[in-house]
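Asker: Predicted structure and sequence below. I'll ask about it afterward.
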Amino acid sequence: MLEAIGVSSLDELMDQAVPANIRLEKPLRLQDGLTERKYYRRIHDLAKMNKVFNTYIGMGYYDTITPAVILRNVLENPVWYTSYTPYQAEISQGRLEALLNFQTMVCELTAMELANASLLDEATAAAEAMVMMHNGRSRAKAKAGANVVLIDENIWPQTLDVLQTRATPLNIELKVGPVHDFVFDDKVIGLMVQYPNSNGEVLSYAHLVEQAHAVEAIVAVATDLLSLALLTPPGEWGADVVFGSSQRFGVPMGYGGPHAAFFTARDEYKRIMPGRIIGVSKDKHGNRALRMALQTREQHIKRERATSNICTAQALLATMAGFYGVYHGPEGIRGIAERVHAIAVLLDEEISALGYRQLNQNYFDTIRFALPKHVKREDIEWLSHELEMNFRYFDNGEVGLSIDETTNLEDINWMIEVFAKAANKRYPTITVYPEKGNIDPAFSRNTPFMQQEVFRKYRSETEMLRYIKRLEHRDISLTHSMIPLGSCTMKLNAATEMLPLSWFEFSSIHPFVPKNQARGYQEMMEELRRDLAEITGFADVSLQPNSGAAGEYAGLMVIREYHISRGEGQRDVVLIPSSAHGTNPASAVMAGMKVVVVPCDERGNVDVEALRQKAEEYQDTLSAFMVTYPSTHGVFEASIVEMCDIIHQNGGQVYMDGANMNAQVGLTNPKRIGADVCHLNLHKTFAIPHGGGGPGVGPIAVAEHLVDFLPSHPVMNNGHVGISAVSAAPWGSASVLPITYGYIKMLGADGLTKATEIAILNANYIASQLKDTYGILYVGENGRVAHEMILECRHLKANSGITEADIAKRLMDYGFHAPTLSFPVHGTLMIEPTESESKQELDRFIEALKAIYEEIQSIIEGKLDKEDNPLKHAPHTSETVTSDDWQHAYTRQQAAFPLSWLKENKYWPPVGRVDDAYGDRNLMCTCDPVESYK
Ligand SMILES: Cc1ncc(COP(=O)(O)O)c(C=O)c1O
């Protein structure tokens with residue numbers, strides 16, 4: 001490979017690719033890499049330090065049973081966890097169907113019209129709803145400066161904290177109080193309530209909805225999906241937006257995440273709704289085909305006009321929750337809800353009989369007790385800990401219990417025992433499961449849900465297994481071939497890194513348990529923070545943000561707070577290069593900042609003089625410069641240090657987008673280049689799999705002067721005391737952190753650096769093989785690319801009519817996922833091979849691209865028809881290729897087996913090219929309606 005590139009050693013290549021003035025002088029100070037076996041012992045020892053108690057804290061997190069068929073065949077299955085966000089619909093039909101099931105289930109349970117395929121967590125979903133209220137204001141309201149959102153004080157504390165974080169920079173005024181005190185005047189743009197509320201109480205809000213609608217305010221309701229099997233769904237009493245967490249649908253608590261938040265809205269809000277929506281359309285043959293609906297609707301694509309920065313969401317967890325619904329079906333879900341509720345009712349009766357006063361009049365799963373005078377809360381606490389149980393302790397001395405689907409007879413008896421012993425009373429033994437509910441008819445659900453065929457057909461393990469397998473066969477993932485997506489770093493997610501994920505000691509821990517029950521987690525996270533600080537060169541790390549874009553937002557809020565602390569709160573301008581990812585300007589706007597775009601020169605580099613001029617122009621108001629390094633154009637810009645200096649000289653801070661950290665680790669770091677804060681995409685550089693569009697983890701690392709501003713948490717002390725929370729959970733998506741921990745521990749300092757070098761080698765090897773055909777758009781000063789490159793396709797379009805999208809679709813016939821399409825430069829493809837790919841796989845990919853290039857040449861030379869050619873008709877399904885009616889001007893062989901190795905390992909795209917426009921015109925975002933089966 002070095003020979004093909006034209007260098008004699010890896011060191012020589014690094015010297016050519018990475019500017020000398022930013023190279024690290026010393027190796028990373030990390031431990032040597034552990035063997036897989038040694039690491040397995042280490043992580044096992046950490047797991048044993050976590051104590052798994054039965055936890056009845058509730059507060060948005062509940063123990064749940066992941067059906068083993070889903071655990072083994074989805075969570076532990078690389079086809080599901082290594083696939084990418086389904087932008088290329090034709091090779092993503094399996095996960096698109098799984099996500100459509102999720103949306104359908106959510107719409108059915110909430111009785112709403114439109115659901116997305118997940119947000120990051122319940123608290124950020126609430127913030128998205130709040131921002132929607134702001135953006136959904138009528139013109140008159142906007143003109144009058146209406147900005148008040150009324151918030152039920154009985155909403156989860158973590159939700160309230162995140163709402164406060166997000167409201168402040170946008171000048172949204174939150175009025176938090178008891179719902180009966182709310183005054184609906186013209187200033188009010190929204191109402192947010194929780195149902196059941198944070199005390200577990202089920203209340204009627206119908207009168208408030210009426211009052212809110214009378215002043216044109218949007219009503220958003222936080223809810224618990226499981227409760228809606230029994231309670232009147234918010235869609236039936238007038239809610240405009242309904243959101244919450246789907247965690248208890250089979251997704252382990254995992255010390256706080258990742259879990260999929262759901263978000264639904266009435267149809268009229270579809271254009272301002274955040275997140276990805278899966279929709280039904282058809283392919284070019286007229287067959288049903290799924291794809292992400294409203295193509296331009298990922299809000300960040302609108303850059304500084306965006307209303308949300310959501311990019312990576314929680315696809316894998318939404319997939320799991322959707323499958324949980326499919327497996328249990330409506331009767332199963334209702335059965336689980338009834339059992340949970342009946343246990344709460346029984347405990348209400350039994351514990352009340354011991355002299356405690358149960359305070360919730362109407363409830364689903366949560367009961368709340370005032371203690372008799374002679375009972376001490378501390379006694380309840382230690383007695384429950386003796387029996388390895390956690391209860392919820394309210395600030396006012398009340399004690400709460402939230403029941404979940406794992407609660408069994410033994411647990412019921414233990415709970416009663418604790419309350420009885422604390423009150424010095426005798427207690428009965430319960431021997432049969434309760435069946436009795438007490439939901440007031442005024443709150444009872446009377447409408448059926450989940451009547452679609454998919455929720456009836458796969459209710460045995462055999463059927464479920466085959467359904468999951470059938471869907472997975474429709475998708476391309478890393479188990480099939482390399483996924484060369486630039487800026488996405490689709491690297492190996494090693495099996496040893498993944499194993500601990502399903503261990504009980506990591507998965508069954510509630511995020512709000514006393515820290516001494518999570519010592520394994522705490523020690524692992526402490527080490528991970530230290531290691532990430534060393535890798536970035538920074539002083540400290542917050543693990544809270546749960547996606548790259550969430551990290552961007554958190555980092556900018558930290559910068560904002562830093563300026564305010566110095567009496568420079570007027571600093572609100574962010575300079576962003578035109579080549580930046582859409583989430584950068586979107587996050588800046590969410591942080592209340594004004595975006596000023598800096599142009600790039602003809603070589604794709606940030607125009608340094610323009611940057612200087614803008615920095616000086618905004619000297620008094622400059623807050624930050626957001627820069628991706630190496631650039632999104634795949635080049636190590638030599639002037640990066642100068643750029644950072646310019647910003648600092650003008651009073652600004654440098655935010656580095658860490659999406660391209662895979663080209664830095666061990667060779668340089670954000671601190672060395674002169675940045676002050678960066679986010680890391682652990683789901684790119686640090687081996688967390690992409691899960692078909694999430695989970696992601698986007699920790700931020702900061703220099704010493706910003707440490708005091710890192711995000712805190714309202715319920716748990718997470719070690720930071722700065723801005724209020726940016727995510728629901730204190731440590732974000734803790735349960736996937738062992739993946740990154742394992743990646744760092746097993747590679748060690750040398751391995752991590754070598755990985756970076758090989759990533760750069762692989763990219764330069766591909767560039768050397770394709771530069772004379774397609775051409776590489778941008779290279780660095782010495783003619784080298786970084787860890788990715790932009791493949792020029794525009795001249796081909798001009799000469800043949802073949803677009804970059806045609807090339808992307810044709811690659812599917814060759815068994816490959818397309819590179820990144822038209823980002824950051826329209827009409828091009830961006831390739832990132834990562835260090836994980838062998839030369840043999842790189843050569844297969846290069847051969848496929850060269851063969852496609854030859855096909856394009858045949859069109860240019862007139863040997864293939866301009867319209868009827870394998871590129872325009874790609875991808876080819878088995879149905880079309882084996883049809884008796886083959887009408888094309890090229891052969892079937894050419895269509896499906898253009899290279900000989902395809903005969904050994906052929907992936908058949910399940911649908912032909914998907915018609916996006918049809919789907920957008922006929923928006924349908926749930927499974928076929930029940931009537932279609934009749
Ligand atoms: C350069 C860059 N920045 C930021 C992001 C946003 O990261 P996330 O999708 O985790 O929110 C991406 C995602 O693809 C990216 O490529």
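Answerer: All right, it came through fine.
Asker: So for Asp806, what's the pLDDT?
Answerer: pLDDT recorded at Asp806 is 98.
Asker: Equivalent analysis for Asp916, please.
Answerer: So Asp916 comes in at 83 (pLDDT).
Asker: likewise the one 10 residues further on?
Answerer: What the model reports as pLDDT for Thr926 is 84.
Asker: host element of the closest residue to it other than its chain neighbours?
Answerer: Among residues not flanking Thr926 along the chain, Thr104 sits closest, at 4.1 Å (CB to CB, 6 or more residues apart in numbering). In this view, the C-beta of every residue, glycine as well, is placed from N, C-alpha and C. Element membership for Thr104, per DSSP states H and E: helix 93-110.
Asker: now that helix: how far from the chain's centre is it?
Answerer: Relative to its parent chain, helix 93-110 has a centroid offset of 16 Å by CA atoms, centre = their mean, to the nearest Å.
Asker: continuing past it, what's the next helix or strand?
Answerer: Sequence order places strand 114-115 as the next helix or strand after helix 93-110, per DSSP H and E.
Asker: helices or strands next to that following strand in the packing?
Answerer: Strand 114-115 is packed against helix 93-110, strand 261-265, with contacts defined by 3 or more CB pairs under 8 Å, 6 or more residues apart in numbering; DSSP states H and E.
Asker: Nearest to Val280, out of those?
Answerer: helix 93-110 (7.2 Å; CB to CB).
Asker: Tell me where the longest helix sits in the chain.
Answerer: Across the chain, the longest stretch assigned as helix under DSSP state H is helix 315-352.
Asker: Using the three-state scheme, assign the residue nearest to the spatial centre of the chain.
Answerer: By CA atoms, centre = their mean, the mean C-alpha position of the chain lies nearest to Ala313, the distance being 2.5 Å. Of the three states, Ala313 takes coil under DSSP: H, G, I helix; E, B strand; the rest coil.
Asker: Quick one: distance of stretch 112-123 to the chain centre.
Answerer: So, by CA atoms, centre = their mean, the centroid of stretch 112-123 is 12 Å from its chain's centroid.
Asker: Please read the previous query as pertaining to stretch 570-581.
Answerer: A distance of 24 Å separates the centroid of the chain from that of stretch 570-581, by CA atoms, centre = their mean.
Asker: Can I get it as CSV, trimmed to CA atoms?
Answerer: Extracted in CSV, the C-alpha atoms of stretch 570-581 (Å, rounded to 0.1, in the frame of the first residue of the first chain):
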residue,chain,number,x,y,z
GLN,A,570,-22.7,40.2,25.0
ARG,A,571,-20.4,37.7,23.2
ASP,A,572,-22.9,35.8,21.0
VAL,A,573,-21.4,35.6,17.5
VAL,A,574,-20.2,32.2,16.3
LEU,A,575,-18.0,32.0,13.2
ILE,A,576,-18.6,28.8,11.2
PRO,A,577,-16.9,27.7,8.0
SER,A,578,-19.2,27.2,5.0
SER,A,579,-18.1,23.5,4.9
ALA,A,580,-19.3,22.8,8.4
HIS,A,581,-21.8,20.0,9.2
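Asker: Can you list the buried residues in it?
Answerer: Buried residues in stretch 570-581, counted by 16 or more other CB atoms under 10 Å: 571-577, 579-581.
Asker: now, which of these sits nearest the ligand?
Answerer: His581 (3.5 Å; CB to the nearest ligand atom).
Asker: Near the ligand, which residues of the protein? Just list them.
Answerer: Residues of the chain lying close to the ligand (CB under 6 Å from any ligand atom) are 311-312, 487-488, 547-549, 581, 583, 628, 632, 657, 659, 681, 696, 698.
Asker: from this protein, which residue is nearest to the ligand?
Answerer: Closest point on the chain to the ligand, by CB to the nearest ligand atom, is Gly548, at 2.4 Å.
Asker: Run through the residues that contact that residue.
Answerer: With contacts defined as CB atoms under 8 Å, 6 or more residues apart in numbering, Gly548 is in contact with 311-312, 583, 657-659, 679, 681, 683-684, 696, 698.
Asker: okay, among the buried residues of stretch 570-581, which ones form the most distant pair?
Answerer: Greatest spatial distance among the buried residues of stretch 570-581 (CB to CB): Arg571 and Ser579, at 23.8 Å.
Asker: Which parts of the stretch 601-750 of the chain are helices?
Answerer: 608-617, 640-649, 670-673, 737-770 (DSSP state H, counting those that start in this stretch).
Asker: Let's have those helices in TSV, adding mean neighbour count and mean pLDDT.
Answerer: Shown next, in TSV, are the helices of the stretch 601-750 of the chain (neighbours: other CB atoms under 10 Å; pLDDT from 0 to 100):
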stretch	mean neighbour count	mean pLDDT
helix 608-617	17	98
helix 640-649	19	98
helix 670-673	23	98
helix 737-770	23	98
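Asker: Turn those into JSON lines, columns for distance to Gln893.
Answerer: Output for the helices of the stretch 601-750 of the chain, formatted as JSON lines (distance: least, CB to CB, whole Å):
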{"stretch": "helix 608-617", "distance to Gln893": "53"}
{"stretch": "helix 640-649", "distance to Gln893": "50"}
{"stretch": "helix 670-673", "distance to Gln893": "51"}
{"stretch": "helix 737-770", "distance to Gln893": "25"}
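Asker: closest to Arg529 out of those helices?
Answerer: Closest among the helices of the stretch 601-750 of the chain, once you apply CB to CB, is helix 737-770, at 9.9 Å.
Asker: Output the contacting helices and strands for the closest one.
Answerer: Contacts defined by 3+ CB pairs under 8 Å, 6+ apart place helix 737-770 against helix 2-5, helix 10-17, helix 36-48, helix 495-498, helix 519-536, strand 789-792, helix 839-860.
Asker: let's go with 10 Å and repeat that
Answerer: Judged by 3 or more CB pairs under 10 Å, 6 or more residues apart in numbering; DSSP states H and E, helix 737-770 is in contact with helix 2-5, helix 10-17, helix 36-48, helix 495-498, helix 519-536, strand 789-792, strand 828-831, helix 839-860.
Asker: Secondary structure class of Ala140, three-state.
Answerer: helix.
Asker: Burial check on it, number of neighbours?
Answerer: 10 (other CB atoms under 10 Å).
Asker: what do you get for Asn681?
Answerer: Asn681: 27 neighbours (other CB under 10 Å).
Asker: Gly537 and Thr668 touch, don't they?
Answerer: Yes - using CB atoms under 10 Å, Gly537 is in contact with Thr668, at 8.8 Å.
Asker: hey, what's in contact with both of the two?
Answerer: By the contact definition CB atoms under 10 Å, 6 or more residues apart in numbering, Gly537 and Thr668 are jointly contacted by Leu24.
Asker: Neighbour count for the two, which is higher?
Answerer: For Gly537 and Thr668, the more surrounded residue by other CB under 10 Å is Thr668, and the numbers stand at 22 against 19.
Asker: quick one, strands of the stretch 801-934 of the chain?
Answerer: In the stretch 801-934 of the chain, the strands defined using DSSP state E, counting those that start in this stretch lie at 820-821, 828-831, 914-915.
Asker: tell me the pLDDT at the residue nearest to Thr926?
Answerer: So Thr104 comes in at 98 (pLDDT).
Asker: Correct me if wrong: it contacts Pro330.
Answerer: No - if you go by CB under 10 Å, Thr104 and Pro330 don't touch, sitting 11.7 Å apart.
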